[in-house]
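S.K.: With the sequence up front, the predicted model follows.
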Amino acid sequence: MAKRLIPLFNRVLVEKIVPPSKTNAGILLPEKSTKLNSGKVIAVGPGLHNKDGTLIPVSVKEGDTVLLPEYGGTEVKLENKEYHLYRDDDILGTLHD
Amino acid sequence: MAKRLIPLFNRVLVEKIVPPSKTNAGILLPEKSTKLNSGKVIAVGPGLHNKDGTLIPVSVKEGDTVLLPEYGGTEVKLENKEYHLYRDDDILGTLHD
Amino acid sequence: MAKRLIPLFNRVLVEKIVPPSKTNAGILLPEKSTKLNSGKVIAVGPGLHNKDGTLIPVSVKEGDTVLLPEYGGTEVKLENKEYHLYRDDDILGTLHD
Amino acid sequence: MAKRLIPLFNRVLVEKIVPPSKTNAGILLPEKSTKLNSGKVIAVGPGLHNKDGTLIPVSVKEGDTVLLPEYGGTEVKLENKEYHLYRDDDILGTLHD
Amino acid sequence: MAKRLIPLFNRVLVEKIVPPSKTNAGILLPEKSTKLNSGKVIAVGPGLHNKDGTLIPVSVKEGDTVLLPEYGGTEVKLENKEYHLYRDDDILGTLHD
Amino acid sequence: MAKRLIPLFNRVLVEKIVPPSKTNAGILLPEKSTKLNSGKVIAVGPGLHNKDGTLIPVSVKEGDTVLLPEYGGTEVKLENKEYHLYRDDDILGTLHD
Amino acid sequence: MAKRLIPLFNRVLVEKIVPPSKTNAGILLPEKSTKLNSGKVIAVGPGLHNKDGTLIPVSVKEGDTVLLPEYGGTEVKLENKEYHLYRDDDILGTLHD
């Protein structure tokens, strides 16, 4: 069960970032501020073949913080940790500080 | 939660323009005059790959005022401000004074 | 609210021609004779990119009188006047005297 | 209301041929013999652009007698006469004596 | 009503072969043995344009005996005789003695 | 009714292999062991034209034993024998001893 | 019934890995830890033809351990053993120790 996953085609393996529901000082955050659905890219596939045979690589890379759609993605459990697989064109954007 | 978003593919990050529901003089405007659904472009993706591999850039740019469709778009909250993501071909046009 | 709209892609901004429901002499026209759904082209987008990257321009131009489909089109209000946006391939034809 | 229509793309303007429901001698024809749904081509559009940008002209021409599908087509009224618009690939064939 | 039809595109005009429900000797055939749905090709269209503009001719020719699908086809009446129009890719095969 | 069928396009004419419901020794086989849905290829079409006009031949050949999908296929009766027509991309694989 | 299957096109024959529901020491595992849906690739098809005629080979190979989607796949019984056929683009990724 302890296995490393290499996604196929344009799939992206993402570990969701669970926002703290309390601040460091222990104050409960209102539900609205936790709404951003983001994750860290763990692994990416090689990309998709174009109609003329060129390989179009995946548009995000390992380590990127990404904004995820509210629905979709496939839940995957690896080494008792929960991950999600997305097609790269379902990922909305990359997040930067 | 305070993050900058760079959209992927042909996505466009838009901040909706909320029309004043009162005039400067304090007179309530009728509902009909507030109907124009417009926004300011905050960030754009790199564009979409064509079938023969050419990148077609997004047709609007940062700072453009755009006319938005009545439905669609994905709500995104960044630094407690509400934004919307649209595919560039869902944006109806650009508005100019 | 007083803005000029430049359509995106193959969209066409049309001002519908409202047929007189009375003749000049004041005689009420029967409903059937007012059925032609036409409009004047106010502005056109740059066109759509072909699969091999060529831009196919919009097939009507500013000032054309066009025959519109019975359904479809997006209502847009600019400077308190009502307009409609159509994809150019939804426009049925051009009308000439 | 008295206008000439030039169809767009691969659209074809057709005037339907209404078969006589009586013979010249005044004998009522049974319903079955009037079933052929044909029309005369009044005007044709310039054609459709192929995926590689070539214009494919419409496959019928002004004056052709055509066999029409039982359903479909858009009713258009010009100078108080009723016409129908069809996409050329919805037209079933041409009729010859 | 007495007209010859030239099909458009990849359409094929077929006259269905009605199997005898009695043998020559007058013995009634069971329903099952009459199930083969075949026809004779009366006329074919010029073919369909490929995505790169090449004309792909229709894959059957006048005089061929063809196996028809159980459903589909458009009934056409010419000179009081009943025919059917099929797209050539709906025809299942050609029958040979 | 006694005719030979040459399939069109990428169609494949298959005679289904009916597994014996008893062993040679007369022992009734349980239902599960008869589940494999296979057939013998009797005739194949010339193949399908690619988007750029190249003919892609059918991927099985006369005499092949093939694994068939559980649903689909068109029943055809020739010389009182029952056959099935499949598109070659509906056939799951070829079976070898 | 004892046959070897060579998949057609981009199909992949997979033998599902049934996770032990008890540990070696005989302790019953909770249901959650058995959720990973994986399999071993037994045979792969030749691949799919691209729009311009190039053969794109299947993206997994015999012996690969693969992550399978929760739904889909066609059950196949060969030599009384149960296998599943998947299109290669339905396979989520490859698993490595």
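M.R.: That came in fine, so what should we check first? Numbers count the residues shown, from 1 in each chain, chains lettered A, B, ... in the order given.
S.K.: Would stretch A:81-96 count as contacting chain G?
M.R.: Yes. Using C-beta under 8 Å from any C-beta of the partner chain, stretch A:81-96 reaches chain G at A:Leu85. All C-beta atoms are positioned from the backbone trio N, CA, C, and that covers glycine.
S.K.: swap that for stretch A:54-62, please
M.R.: No. Stretch A:54-62 lies out of reach of chain G by C-beta under 8 Å from any C-beta, never closer than 9.9 Å.
S.K.: list the contacts for A:Thr94?
M.R.: By C-beta atoms under 8 Å, 6 or more residues apart in numbering or on different chains, the contact set of A:Thr94 is A:Val60, A:Asp64, A:Thr65, A:Val66, A:Leu67, B:Leu5, B:Ile6, B:Leu8.
S.K.: and those residues as a markdown table, adding distance to chain C?
M.R.: Formatted as a markdown table, these follow (distance: C-beta to the nearest C-beta, whole Å):
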| residue | distance to chain C |
| --- | --- |
| A:Val60 | 25 |
| A:Asp64 | 28 |
| A:Thr65 | 30 |
| A:Val66 | 27 |
| A:Leu67 | 24 |
| B:Leu5 | 22 |
| B:Ile6 | 21 |
| B:Leu8 | 19 |
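S.K.: Closest to chain E out of the residues you listed?
M.R.: For the contacts of A:Thr94, the residue nearest chain E by C-beta to the nearest C-beta is B:Leu8; the value is 28.8 Å.
S.K.: tell me the pLDDT at whatever residue of chain A ends up closest to chain D?
M.R.: Closest residue of chain A to chain D, C-beta to the nearest C-beta: A:Lys51 (10.5 Å). Looking at A:Lys51, its pLDDT reads 74.
S.K.: tell me which parts of chain A are close to chain B?
M.R.: Neighbours of chain B within chain A, by C-beta under 8 Å from any C-beta: A:19, A:32-33, A:35-36, A:38, A:50-52, A:54, A:56, A:59-60, A:65, A:67, A:69-70, A:88-89, A:91-97.
S.K.: Dig out what A:Gly39 forms beta bridges with.
M.R.: A:Gly39 has these beta-bridge partners by DSSP bridges: A:Lys16, A:Val66.
S.K.: A:Glu82 too?
M.R.: Applying DSSP bridges to A:Glu82, the residues it is bridged with are A:Lys77.
S.K.: I'd guessed it sits against A:Glu75; true?
M.R.: Yes. Contact status for A:Glu82 versus A:Glu75: in contact at 6.4 Å, counting by C-beta atoms under 8 Å.
S.K.: ok, back up a step: list the contacts for the residue of chain A closest to chain D?
M.R.: Counting by C-beta under 8 Å, 6+ apart, A:Lys51 has contacts B:Lys51, B:Asp52, G:Asn50, G:Lys51, G:Asp52.
S.K.: Tell me which helix or strand the residue most central in space within chain A sits in.
M.R.: Taking C-alpha atoms, centre = their mean, the centroid of chain A lies closest to A:Val14, which sits 2.9 Å from it. Using DSSP states H and E, A:Val14 falls within strand A:11-16.
S.K.: I'd like the average pLDDT over that strand.
M.R.: Rounded mean pLDDT across strand A:11-16 is 98.
S.K.: Just name whatever secondary elements it is in contact with.
M.R.: strand A:38-44, strand A:81-87 (3 or more C-beta pairs under 8 Å, 6 or more residues apart in numbering or on different chains; DSSP states H and E).
S.K.: Please identify the deepest-packed of those.
M.R.: Most buried of the helices and strands packed on strand A:11-16 by mean neighbour count (mean count of other C-beta atoms under 10 Å in any protein chain shown) is strand A:38-44; its value is a mean of 20.
S.K.: Can you tell me what sits against that strand?
M.R.: In contact with strand A:38-44 (C-beta under 8 Å, 6+ apart) are residues A:4-7, A:11-17, A:58, A:60-68, A:83-84, A:88, A:95, B:3, G:93.
S.K.: Determine which residue belonging to chain A approaches chain F most closely.
M.R.: Closest point on chain A to chain F, by C-beta to the nearest C-beta, is A:Lys51, at 8.4 Å.
S.K.: Quick check: the gap between that residue and F:Thr54.
M.R.: 14 Å (C-beta to C-beta, to the nearest Å).
S.K.: Let me know the secondary structure of the closest residue to chain C within chain A.
M.R.: Residue of chain A nearest chain C, by C-beta to the nearest C-beta: A:Lys51 (8.4 Å). Under DSSP: H, G, I helix; E, B strand; the rest coil, the three-state class of A:Lys51 is coil.
S.K.: on that earlier part again, output the strand holding A:Val14 as CSV, restricted to C-alpha atoms.
M.R.: Written as CSV, here are the backbone C-alpha positions of strand A:11-16 (Å, rounded to 0.1, in the frame of the first residue of the first chain):
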residue,chain,number,x,y,z
ARG,A,11,-2.9,14.2,-14.8
VAL,A,12,-1.6,16.1,-11.7
LEU,A,13,-1.3,14.6,-8.2
VAL,A,14,-2.2,17.2,-5.6
GLU,A,15,-2.1,17.2,-1.8
LYS,A,16,-4.9,19.6,-0.6
